[in-house]
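Trainee: Give the three-dimensional model of this entry:
(chains A and B)
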Amino acid sequence: METLIIIVAGVLVTSATYLILSQNLIRVILGTGVLTHAVHLLIMAMGGFSGNVVPIIGEKGNTYADALPQALILTSIVINFAVAAFFLVLAYQVYNRMNTDDLSKLRRYYHE
Amino acid sequence: MATINLAILLPFIAAILLFLFCRNIKKFHIGWIVLIVPAILFITLMRQLPQITKGNTIINSTSWIPSYDINFVTHLDGLSMIFGLLITGIGTLVIIYSIYYLATERLILQFYIYLLLFMGSMLGVVLSDNLIMLYVFWELTSISSFLLIAFWFQRKGSRYGAKKALHITVLGGFAMLVGFLMLYNVTGTFSVQEIIATIGQHKDHPLIPAIIILVLLGAFTKSAQFPFHIWLPDAMEAPTPISAYLHSATMVKAGIYIVARFTPVFGGEAIWFWAVSVVGLITLFWGSLTAIRQTDLKALLAYSTISQLGLIMTLFGVGSVSLHPNLNIETIIYSQAIFAALFHLINHSTFKGALFMVIGIIDFQVGTRDLRRLGGLIAVMPISFTIAMIGSFSMAGLPPFNGFLSKEMFFTAMLQLKDFDIMNIQAFAGMFPVIAWIASIFTFLYSMMIVFLTFFGPYNEQPDVKVEEPKLGMLVPPIILSLFVVGIFLFPNVLGDYLIKPAVASIYPNITDDLIGDIALWHGFNTELMMTIGIVIIGIILFIFREYVRKIFILFPRSLSFDTLYNNTIVKIDIFAKKITNFYMTGYLKHYFAYIFLFFSLVLGGALLYLDAFSFSLAGDQPVDIFMWIIAILIIVTGIVILFSKSRLTAIVLNGFIGFSIAMLFVLLRAPDLALTQLVIETVSTALFLLCFYFLPEWKPFVIEKRKKVIHIIISVSVGVVFTVIALSIKSGRLFESVATYFEKADELAGGQNIVNTILGDFRAFDTMLEVVVLFIAGIGVYTLIKYKKDKGADKVED
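Mentor: Numbering: from 1, shown residues only, chains lettered A, B, ... in the order given. From the prediction side, this is the model:
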């Protein structure tokens, strides 16, 4: 199962990298979002899936699922939401001021 | 004795105090306060003099970075004493002088802070026993010299001169640092004294020649030896007190100090002898020849300083031969060369200091220091004339001034070279006295130019200037120095016994005072005296026909100088650096991302291949159930399809789909908290995306070049593959046990049932708190950007 999850994450990383390399601002932001998902899966897989019980004390079963990666991912999800929100507002303001969402044109605007 | 440590620190402390407490002093010149520092230091050093004269040395050690063998070790012996007294003694005089010279200057506080910075660092250089400490102070002198040359930073020439001096001296300093590190590698210690004691065991080490060359590079650049001398004339843009202090009396002698300090280490090595004495001789010759060409008095003195430094350097080179292992103890008498070198070093500081100050006075009073516009000043400035005459005649090597004595000793050393039958010296021994003699003729010539072209001949009226002697305070320092010039001639052995002999003893540990001998005023009609008489006769003839002499300079076009080489190098480096920077700093986000991704996949992937770190096994894997298969395949498919989506709405929906699928996955992986959070966040951010689309344009269908597309695909795939491979290797080669079991005691440690929640709220509460801070900052960012008006402050934007 770990191997499968890692491969899924790898595919998402490939896709995210391609998106980030593109010209369009929104595609770049989307790329960062996809990258986040991939990283979450990676952290999850690093913990291993040998536990078969939800990490809440008192649940019946032999081993708890690893709680540390879960805590880290929880932090990461929230932070990434904040970053995504900031990116989006930034994109909005950039378009508002420069009238384009094409990154290669932004550069020329600055030089005018 | 901690006094020596404090002596180094005092100028630095004084500089800080000056900055903190004396910024608003207007009533009197701040120099009067600064003056206390070198005066105290001079007296402190003088109090140590009896100890040093007896042959004792004072060592004091304080730990600095002991784990790297770097300690604050000061070592005061005869050699350091000479330099220490020069630094503090001339420092005192220079400060008195600048109180008058810079009376009307506005940035006076900076001037004295830089000066104190220099004084402290220079004392640090000559008192350090630890090589790293020495290097640190060495570079500090370069920096303070840079600041002082650029004191009148409005002038282009000052900035150019300052940069040039910094480039050249720091380049040499860096070479010296490498030499020091190699030396540490060979000897295992940074302490100069320990190196001197143990170097005998390492004489055959293959690194020794490299160390000698690197250390000498540092010494030659600092002491303006050919071909690194080009920075010194440009450094004359500094105020004259600085030229007198740093660029003739002290800092430029730091290189000589290094040569003297390392003579016991490397003396007797052929490469050391040849490098030091030949470079010194060339510098002596070239400096004195070029000095004749100058019309600016300060430039003339700069070249004269270069030439005199070359002379001292030559003497150290010749003196180092005495340490050759094949020489017996009687021939150590040739260490006289070192004695002469130290003697001339002191003499040079006295007469050159006096000359610089007089020329500063002329510049200050007359408003020019151009030889073509000066003349006939003897009638209006008789005291200045006397000082200038004493200084110049001493420099020319005439009695009754101290320069005569050291010049004679210089000739003796040059003539004695032929007695050495080692290192092929005899083959070239004839060259040394001849070149030295010719250079001395030029020295005589330019010394006469200073006196006679400035003070005799027709008086050139300067418009709007009433030329007269300056204030007494400005005359006192050069008068004191010229008294030394005469005094040392009359009583040379006072200086010799108390200062120079201990210094010689610190260079030759085995020598006794009898072997060094005394300085005699009169040697009889020997070769040396004949050489001096010859110099005077030919020098006078050349002075009369000086206009013809100048014609030989047509042979040396200015475009073929080392100056041109330096300027072109600097320009070329500039262009080159700009080209490189422009090549990769394109301003396109995708390029920067591409660098990051390429670095990631090449370096990490390369390391993985190189270290053969890849491992893969399915051993620890859990079985995959059918739900997992379905969700995994869905995510993979969506992840690929998102790349081909033509409209932004499709893309955002697909992204949301991935998010929700992952939430499902979290459920399967027994992470209910994650699943809930993911669901909420994914919903909100999808809504946010959609909201944003209301303001943003629809995606235009764009065609991307096929070549670029291929490159992007290659980068993405390689990043994905490296990522996967690393993750798989980590998973398969687990090196240590999970720490998760610790958190399973959540109930007793944190009083909570939900382990994930206790980690966030208790075990790693700080982390969570800072996460809230991040959220808060992002919130402020979002708010500010939304409120940001398009035209607000637009008129302030610079193009």
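
Trainee: Tell me the helix or strand right after the helix or strand harbouring residue A:12.
Mentor: Taking DSSP states H and E as the criterion, residue A:12 maps to helix A:2-20. Following helix A:2-20 in sequence order, the next helix or strand is helix A:25-47 (DSSP H and E).

Trainee: what about that following helix and chain B, touching?
Mentor: Yes: counting by CB under 8 Å from any CB of the partner chain, chain B has neighbours in helix A:25-47: A:26-28, A:30, A:33-34, A:37-38, A:40-42, A:44-47. No exception for glycine: its C-beta is placed from N, CA and C like everyone else's.

Trainee: got the angle for the helix holding residue A:12 vs helix A:25-47?
Mentor: 160 degrees (axes from the mean of the first three to the mean of the last three CA atoms, to 10 degrees).

Trainee: Remind me what helix A:2-20 packs against, helices and strands.
Mentor: Helix A:2-20 sits against helix A:25-47, helix B:589-599, helix B:626-644, helix B:706-732, with contacts defined as 3 or more CB pairs under 8 Å, 6 or more residues apart in numbering or on different chains; DSSP states H and E.

Trainee: Show me the shaky parts of the stretch 351-500 of chain B.
Mentor: Counting by pLDDT under 70, the ranges of the stretch 351-500 of chain B that qualify are B:423, B:461-465.

Trainee: quick check, whichever helix in chain A runs longest touching chain B?
Mentor: Secondary structure of chain A per DSSP state H: the longest helix is helix A:67-98. Yes: against chain B, helix A:67-98 shows contacts by CB under 8 Å from any CB at A:67-68, A:70-71, A:73-75, A:77-79, A:81-86, A:88-93, A:95-97.

Trainee: Just the buried subset of those, written out for ChimeraX, thanks.
Mentor: Remark: buried members of the residues of helix A:67-98 next to chain B, expressed as a ChimeraX selection using 16 or more other CB atoms under 10 Å in any protein chain shown:
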select /A:67,68,70,71,73,74,75,77,78,81,82,83,84,85,86,88,89,91,92,93,95
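
Trainee: Show me the shaky parts of chain B.
Mentor: B:1, B:327-335, B:423, B:461-465, B:510-518, B:520-524, B:557-559, B:701-703, B:789-799.

Trainee: So it: which segments form each domain?
Mentor: B:1-203+B:225-264, B:267-544, B:742-750+B:757-799 (automatic domain parsing).

Trainee: Dump these to a markdown table, plus mean neighbour count and distance to chain A.
Mentor: Formatted as a markdown table, the domains of chain B follow (neighbours: other CB atoms under 10 Å in any protein chain shown; distance: least, CB to the nearest CB, whole Å):
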| stretch | mean neighbour count | distance to chain A |
| --- | --- | --- |
| domain B:1-203+B:225-264 | 20 | 30 |
| domain B:267-544 | 20 | 45 |
| domain B:742-750+B:757-799 | 13 | 4 |
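
Trainee: ok so, going back, I'd like to know which elements the longest helix of chain A is packed against.
Mentor: Counting contacts by 3+ CB pairs under 8 Å, 6+ apart, helix A:67-98 is packed against helix A:25-47, helix A:103-111, helix B:672-693, helix B:740-743, helix B:755-758, helix B:765-787.

Trainee: one more time with 10 Å
Mentor: helix A:25-47, helix A:103-111, helix B:648-668, helix B:672-693, helix B:740-743, helix B:755-758, helix B:765-787 (3 or more CB pairs under 10 Å, 6 or more residues apart in numbering or on different chains; DSSP states H and E).

Trainee: anything in the third one near chain A?
Mentor: Yes: Helix B:648-668 comes into contact with chain A when judged by CB under 10 Å from any CB of the partner chain, the residues involved being B:648, B:651-652, B:654-656, B:658-659, B:661-662, B:665-668.

Trainee: I'd like the residues you listed as TSV, with neighbour count appended.
Mentor: Formatted as TSV, these follow (neighbours: other CB atoms under 10 Å in any protein chain shown):
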residue	neighbour count
B:648	21
B:651	22
B:652	22
B:654	21
B:655	24
B:656	19
B:658	23
B:659	23
B:661	21
B:662	28
B:665	25
B:666	23
B:667	18
B:668	14
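
Trainee: chain center to the helix or strand hosting residue B:133, what's the gap?
Mentor: In this assignment (DSSP H and E), residue B:133 forms part of helix B:131-149. Between the centre of helix B:131-149 and the centre of its chain there are 5 Å (CA atoms, centre = their mean, to the nearest Å).

Trainee: No more questions from me, cheers.
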